[in-house]
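>>> generate a structure from the sequence data that follows.
(chains A and B)
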Amino acid sequence: MLEFNPILVKELRGRMRGARAFVLLTIYLLILSGVTLMLYAGLAGNIGSDLNAGRQIGKALFLVIAAVALVEVCVITPALTSGSIAGEKERQTYDLLVASLLSPWQIVWGKLASALAFALLLILAVLPVMSLAFLFGGVSAAEVLIALAGLVATAIFYASIGLFWSSVTRSSLGATSFALGTVIMMLLGIPFLVVIFGLVFTRDVSSDLLESAVFIYLSRLFIATHPFIALGVTETQLAAGGSPFFETVPAAGAEVLVPSPWLLYVLLAFLFSALLVSFSVRMLQPTQPAAVPVARGKPGSVRPSEEGSAES
Amino acid sequence: MAAIVETRNLTRSYGANLALDSLDLTIPEGAIFGFIGPNGAGKTTTMRILTTLLQPSSGEAHVAGIPVTKDPRGVRRVVGFMPDFFGVYDSMKSWEYLDFFGRAYGVPNERRGALIGELLELVDLGHKRDDMVMNLSRGMKQRLSLARTMMHDPRLLILDEPASGLDPRARIELRELLKELRALGKTIMISSHILTELAEMCTHIAIIERGRLLAAGHVQDILRDLQPHRSLEVRVLAEAERAEALIRSAPGVLSVRRTSAEPAVGAVERAPANGGAARAEDELVAGAVEPDEPASVTFEVQHEGEPASVTFEVQHEGEMLLVDFGGDERGMAELLALLVSNGVPVARFAEQAGDLEDIFLHVTKGIV
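So this is what the prediction gives:
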């Protein structure tokens, strides 16, 4: 009989036990539905009663719900994984896991999969709220599917960030701080850089460079590392009647065919996730002689979390 | 007996700090192997290398013939490891804890359920099956940890200070459990600071300090070899002086001390000076054994505020001779034969039990 990953079984048992998971899901949905309700109340009063009113409300609801869900996924998923491996070190169960027949890959995969299972639950829980938008119309199936793909890719990517920090640091508090710090840096730093580059390049650089195919690809790739920008740009393109997969950009001489930003984002997210996960796996190998010994505490010592080598 | 653990020139350094220095260690299969050393001596480092958690800087280590650096998975299959701390998960029941590690060691589903029940019974936690692990007492957690190390039926159990922090009852239970495990054919490597306990429990010991092996072997051999001399207790019923002279003349005898044998408590009470009997609540003022009259002991007591004296007569059952003896067991036999053939009524002739703590202090220097 095929056995499930032991870590996955253990984590899911632990995560779904007690009120914590239930409370988190409830708060998450309360925020989402609260925002939706307020938005609807605001829109219903302002939009007139022309034929497109329903479509506009539907579209606005969809965009806002997708954006709020994305924000929540960005914040929650790294927190789900950042405690995973560092938490084992804190509970002093890390050695027991590494000394067992579990491979580092199994440990990392079990941790990631259990966090993703919960993240997927959060994403699926959004769908009923999102379906409100369908009552009003104005939202295409392609938009919904792209939003879902973006949410799932973000969950995997940001969970991997949390996992990476969890494998590097020794305390789950440190791992969570680093993971959320990284997420905030990415979400705020990329738009900031885009603005700076925009200001510098449009003024001083010749249009030849700006219209070269290399520049177009590089700039699109850079923008596509940011989930909000990538998905937002895709949405504008779809609204303008563009293809959901490709766009043609006028460049010097000819037109350049560029994959849609959401597609680039999903690809990049998977690539980065794979890199982060493989690095985490490497961190779980037995300690090499050059490395610092794992900080441990003696049961009788005054501070169990004392740093340094308590070897005996 | 075949060796289950063998290390050759095992060395491990943390930067400039040498934790293990060319350690050559052999543990025979089926032994309870006590690993003794001061804090920071390299015990945990050795154990972590043998459990593949740490890689040696140089040298070799084999567990059940499998090299730890080349085939760590093979080693993990035959080793059960209990670190010197409890790795305990929140929100996990006792059976789930064992179930998880059973899965982690690839114990098939159909065997796991029965095995968990058996192991919980073995460590006497059958009634705590559905209790949360974090709510168990320290001793119970320790026993649960031991059950965990048994989940994959390893040949070698490596237990890092399993008795530390346990109350006496939990400690005795643990000791009994280890004896049971040995009866099941497990080899047990155990580090401890409680040396007297190790001496009772272990078949073999090794003493390590500053990463160097100072002594290793059978407990009795170590006790004999490392003790500078033996202490013999000889009780004679009569002719103590002749016995003393005979013993002094024997080869290998370093010194002889004559003491009173354990007094029988047939004490006779003498009337205090002011009349009235002295009682237990009377305040003891002074007590002395009168040198001229070794068979009696007189105590000055306060009896209802008045001074009084009580003399106890000590009834000897022979005399005790304490002999510091530098010879071997053959020499001991010759000494006894000498006494008996000269007609000395020997009531007791015994070697005082060697104390591992003395040996430990004798061998180690206390430098970390």
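>>> could you pull out the helices in chain A for me?
Read by DSSP state H, chain A holds these helices, from start to end of the chain: A:6-16, A:20-46, A:53-82, A:84-90, A:94-98, A:104-136, A:141-168, A:172-204, A:207-210, A:213-223, A:227-239, A:261-283.
>>> check those for me: which has the lowest mean pLDDT.
Lowest mean pLDDT of these: helix A:207-210, a mean of 71.
>>> reformat the helices of chain A as CSV; add distance to chain B.
For the C-beta atoms, the positions are set from N, CA and C on the backbone; glycine is no exception. Shown next, in CSV, are those (distance: least, CB to the nearest CB, whole Å):
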stretch, distance to chain B
helix A:6-16, 3
helix A:20-46, 9
helix A:53-82, 16
helix A:84-90, 8
helix A:94-98, 4
helix A:104-136, 9
helix A:141-168, 16
helix A:172-204, 12
helix A:207-210, 51
helix A:213-223, 40
helix A:227-239, 32
helix A:261-283, 14
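>>> can you redo the ones you listed as JSON lines with mean neighbour count?
Shown next, in JSON lines, are these (neighbours: other CB atoms under 10 Å in any protein chain shown):
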{"stretch": "helix A:6-16", "mean neighbour count": "20"}
{"stretch": "helix A:20-46", "mean neighbour count": "13"}
{"stretch": "helix A:53-82", "mean neighbour count": "21"}
{"stretch": "helix A:84-90", "mean neighbour count": "23"}
{"stretch": "helix A:94-98", "mean neighbour count": "23"}
{"stretch": "helix A:104-136", "mean neighbour count": "19"}
{"stretch": "helix A:141-168", "mean neighbour count": "23"}
{"stretch": "helix A:172-204", "mean neighbour count": "15"}
{"stretch": "helix A:207-210", "mean neighbour count": "11"}
{"stretch": "helix A:213-223", "mean neighbour count": "16"}
{"stretch": "helix A:227-239", "mean neighbour count": "19"}
{"stretch": "helix A:261-283", "mean neighbour count": "18"}
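>>> nearest to B:Val133 among those would be which one?
helix A:6-16 (11.3 Å; CB to CB).
>>> neighbouring contacts of that closest one?
Contacts of helix A:6-16 from elsewhere in the structure, counted by CB atoms under 8 Å, 6 or more residues apart in numbering or on different chains, are A:21, A:84, A:97, A:102, A:106-107, A:109-111, A:113-115, A:117-118, B:89-92, B:96, B:100, B:103-104.
>>> one more: stretch B:176-186?
Outside of stretch B:176-186, the residues that reach it under the criterion CB under 8 Å, 6+ apart are B:30, B:32, B:122-123, B:143, B:146, B:150, B:154-157, B:159, B:188, B:190, B:201.
>>> how much space between the residue nearest the centre of chain A and B:Thr7?
By CA atoms, centre = their mean, chain A has its centre lying nearest to A:Thr154, at 2.9 Å. Distance of A:Thr154 to B:Thr7, computed by CB to CB, to the nearest Å: 50 Å.
>>> and what of B:Thr259?
47 Å.
>>> more crowded one of the two?
Neighbours of B:Thr259 and B:Thr7, each counted by other CB atoms under 10 Å in any protein chain shown, are more numerous for B:Thr7; the result is 24 against 10.
>>> partner residues bridging that one?
Counting by DSSP bridges, B:Thr7 is bridged to B:Leu25, B:Ala61.
>>> please, which helix or strand holds B:Leu321?
Secondary structure assigned from DSSP states H and E places B:Leu321 in strand B:319-325.
>>> ok now that strand, how far from the chain's centre?
Average the C-alpha atoms of strand B:319-325, do the same for its chain, and the two points are 25 Å apart (CA atoms, centre = their mean, to the nearest Å).
>>> next, the angle strand B:319-325 makes with whichever helix or strand comes after that strand.
Using DSSP H and E, the next helix or strand after strand B:319-325 towards the C-terminus is helix B:329-341. If you take axes from the mean of the first three to the mean of the last three CA atoms, to 10 degrees, helix B:329-341 sits at 150 degrees to strand B:319-325.
>>> how about residues contacting helix B:329-341?
If you take CB under 8 Å, 6+ apart as the criterion, helix B:329-341 is touched by B:230, B:232, B:234, B:236, B:243, B:246-247, B:250-253, B:323, B:325, B:327, B:346, B:349, B:351.
>>> likewise stretch A:231-247?
With contact meaning CB under 8 Å, 6+ apart, stretch A:231-247 is reached by A:63, A:66, A:70, A:140, A:142-143, A:146-147, A:150, A:223, A:257-263, A:265.
>>> only the buried subset of the contacts of stretch B:176-186, as a PyMOL command please.
Entered in PyMOL, the line below selects the buried ones among these, by 16 or more other CB atoms under 10 Å in any protein chain shown:
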select buried, chain B and resi 30+32+122+123+143+146+150+154+155+156+157+159+188+190+201
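>>> please verify my assumption that A:Pro227 contacts A:Thr154.
Yes - counting by CB atoms under 8 Å, A:Thr154 is a contact partner of A:Pro227 at 4.9 Å.
>>> please enumerate the shared neighbours of those two.
Here A:Pro227 and A:Thr154 share the contacting residues A:70, A:74, A:269, scored by CB under 8 Å, 6+ apart.
>>> which one among these gets closest to A:Ala175?
Proximity to A:Ala175 was ranked across these by CB to CB; first place goes to A:Cys74, at 16.6 Å.
>>> would you mind measuring from the closest one to A:Val214?
Distance from A:Cys74 to A:Val214, counting by CB to CB: 30 Å.
>>> kindly report the same for A:Leu231.
Where A:Val214 is concerned, A:Leu231 sits at a distance of 25 Å (CB to CB).
>>> before we move on, what about A:Thr234?
Summarising the geometry, the distance separating A:Thr234 from A:Val214, computed by CB to CB, is 22 Å.
>>> next: B:Val78.
Going from B:Val78 to A:Val214 by CB to CB gives 58 Å.
>>> what does B:Ile207 give?
Separation of B:Ile207 from A:Val214 (CB to CB) stands at 70 Å.
>>> show me the shaky parts of chain B.
Along chain B, segments meeting pLDDT under 70 span B:1, B:194, B:226-228, B:260-317, B:353-359, B:362, B:365-368.
>>> in JSON lines, list the helices of chain A along with distance to B:Ser57.
Putting these into JSON lines (distance: least, CB to CB, whole Å) gives the following:
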{"stretch": "helix A:6-16", "distance to B:Ser57": "31"}
{"stretch": "helix A:20-46", "distance to B:Ser57": "44"}
{"stretch": "helix A:53-82", "distance to B:Ser57": "33"}
{"stretch": "helix A:84-90", "distance to B:Ser57": "23"}
{"stretch": "helix A:94-98", "distance to B:Ser57": "19"}
{"stretch": "helix A:104-136", "distance to B:Ser57": "22"}
{"stretch": "helix A:141-168", "distance to B:Ser57": "24"}
{"stretch": "helix A:172-204", "distance to B:Ser57": "29"}
{"stretch": "helix A:207-210", "distance to B:Ser57": "54"}
{"stretch": "helix A:213-223", "distance to B:Ser57": "44"}
{"stretch": "helix A:227-239", "distance to B:Ser57": "46"}
{"stretch": "helix A:261-283", "distance to B:Ser57": "20"}
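>>> returning to what we had before: determine which two of the contacts of stretch B:176-186 are furthest apart.
B:Gly30 and B:Arg143 (22.3 Å).
>>> count of residues packed around the residue of the stretch 151-300 of chain B found nearest chain A?
Per CB to the nearest CB, B:Gly165 is where the stretch 151-300 of chain B lies closest to chain A, at 4.8 Å. Burial measure for B:Gly165: 17 neighbouring residues, criterion other CB under 10 Å.
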